[in-house]
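S.K.: from the sequence below, what's the structure:
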Amino acid sequence: MSKVICLTCTGDRPQLLERSKYYFERSIVDIEKEWLVVDDGLVPYNPGGCTYIRRNPDGPISLGRNLRFALNYCDCDYIVIWEDDDWCSPNRINSHVDKLKLGYDLHGYKNTIYYHINNGWRINGNIKHSSLCETAISGKMINKLLSYKLEHEKFIDVTIWKYLYNTSLLEDQSYQVIGIKGGPGRHGIGYGHKAGCQYNKDINFNKLKEFVNGDADFYINLTK
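M.R.: Residues are numbered from 1 along each chain as shown. You can find the predicted model right below:
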């Protein structure tokens, strides 16, 4: 039977990790699924309902090190990058797996939507690669990924899409993932987190409600 692993690299974000668990558990999936969590936070936190791997903290910007470490535990047909601070639709996993089943090594979406809970929304405008939060990988590429020095990369998504794959499918944004920024816990490192990143104001959270439907209240409450 085919299997998909949703891979989360996290640290010191317990509230967001619990929400990520909720999105994983409500997912509509046609094959066996597993949630794999690698945690290098200063305070360990196991949310349950996952395969939990504790990795000792070894400094800032550790995503590449966590990801490479986690790949050693991925025995599966498909990997979906499942970032701890993002919103995912119930059909997100299937949206990736259905395309990877066709023989693609990599599947994702361009023009990623970012939503900063205090600043509003923006279209990231990435058209040559998928943001990491919207990337899924065929299991047959795990060994190839392990051969690269991902632990030294800050922007892993660019590296994966530019250098590692010959067979990939990059589609238009389908509202399967919204990159949420500004949540509680350890500060993110991606572009949308940086000071000076321009966002469109969202009066009364109307755009947020459009993006995430009935899940908007969770993020609105984080701003109070």
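
S.K.: distance from the longest helix along the chain to the middle of the chain?
M.R.: The residue-count maximum for a helix in the chain (DSSP state H) belongs to helix 14-25. Chain-centre distance of helix 14-25: 12 Å, with CA atoms, centre = their mean, to the nearest Å.

S.K.: counting by contacts, list what that helix packs against.
M.R.: Using 3 or more CB pairs under 8 Å, 6 or more residues apart in numbering; DSSP states H and E, the elements in contact with helix 14-25 are strand 3-10, strand 32-39, strand 87-88. (Glycine included, C-beta is placed from N, CA and C.)

S.K.: adding distance to residue 177, mean pLDDT and mean neighbour count, write these out as CSV.
M.R.: What follows is the helices and strands packed on helix 14-25, written out as CSV (distance: least, CB to CB, whole Å; pLDDT from 0 to 100; neighbours: other CB atoms under 10 Å):
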stretch, distance to residue 177, mean pLDDT, mean neighbour count
strand 3-10, 12, 98, 24
strand 32-39, 16, 98, 21
strand 87-88, 6, 98, 26
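
S.K.: in TSV: these, plus distance to residue 150.
M.R.: Compiled in TSV, these are given as follows (distance: least, CB to CB, whole Å):
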stretch	distance to residue 150
strand 3-10	11
strand 32-39	13
strand 87-88	23
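
S.K.: quick one: closest of the ones you listed to residue 47.
M.R.: For those, proximity to residue 47 was assessed by CB to CB; strand 32-39 is nearest, at 7.0 Å.

S.K.: what does that closest one rub up against?
M.R.: Contacts to strand 32-39, defined as CB atoms under 8 Å, 6 or more residues apart in numbering, come from residues 1-11, 17, 21, 24, 27, 45-47, 49-55, 66-67, 69-70, 73-74, 76, 82, 93.

S.K.: show me where this protein has its strands.
M.R.: Counting by DSSP state E, the chain has strands at residues 3-10, 32-39, 51-54, 78-81, 87-88, 106-109, 113-116, 120-123, 136-138, 168-171, 177-181.

S.K.: can you list the strands that the shortest one pairs with?
M.R.: Right, strand 87-88. Partners of strand 87-88 in the sheet, by DSSP bridges, are strand 177-181 (antiparallel).

S.K.: may I see the buried residues of the partner strand?
M.R.: Under the neighbour-count criterion of 16 or more other CB atoms under 10 Å, strand 177-181 has 177, 178, 179, 180, 181 buried.

S.K.: just the residues contacting that strand, thanks.
M.R.: 83, 85-89, 92, 109, 112-117, 119, 124, 131, 133-134, 188, 190, 192-193, 211-212, 219.

S.K.: mind checking how far residue 177 is from residue 12?
M.R.: 22 Å (CB to CB, to the nearest Å).

S.K.: next: residue 153.
M.R.: Residue 153 sits 22 Å away from residue 12, going by CB to CB.

S.K.: now stretch 16-36, how far from the chain's geometric center?
M.R.: 12 Å.

S.K.: mark which of the contacts of strand 177-181 are buried, thanks.
M.R.: Neighbour-count burial within the contacts of strand 177-181 applies to 83, 85-89, 92, 109, 112-117, 119, 124, 131, 133-134, 188, 190, 192-193, 211-212, 219; the criterion is 16+ other CB under 10 Å.

S.K.: once you drop chain neighbours, what's closest to residue 152?
M.R.: Of all residues not flanking residue 152 in the chain, residue 64 sits nearest, at 6.5 Å (CB to CB, 6 or more residues apart in numbering).

S.K.: surely that neighbour and residue 153 touch.
M.R.: Yes. Assessed by CB atoms under 8 Å, residue 64 is found in contact with residue 153 at 4.8 Å.
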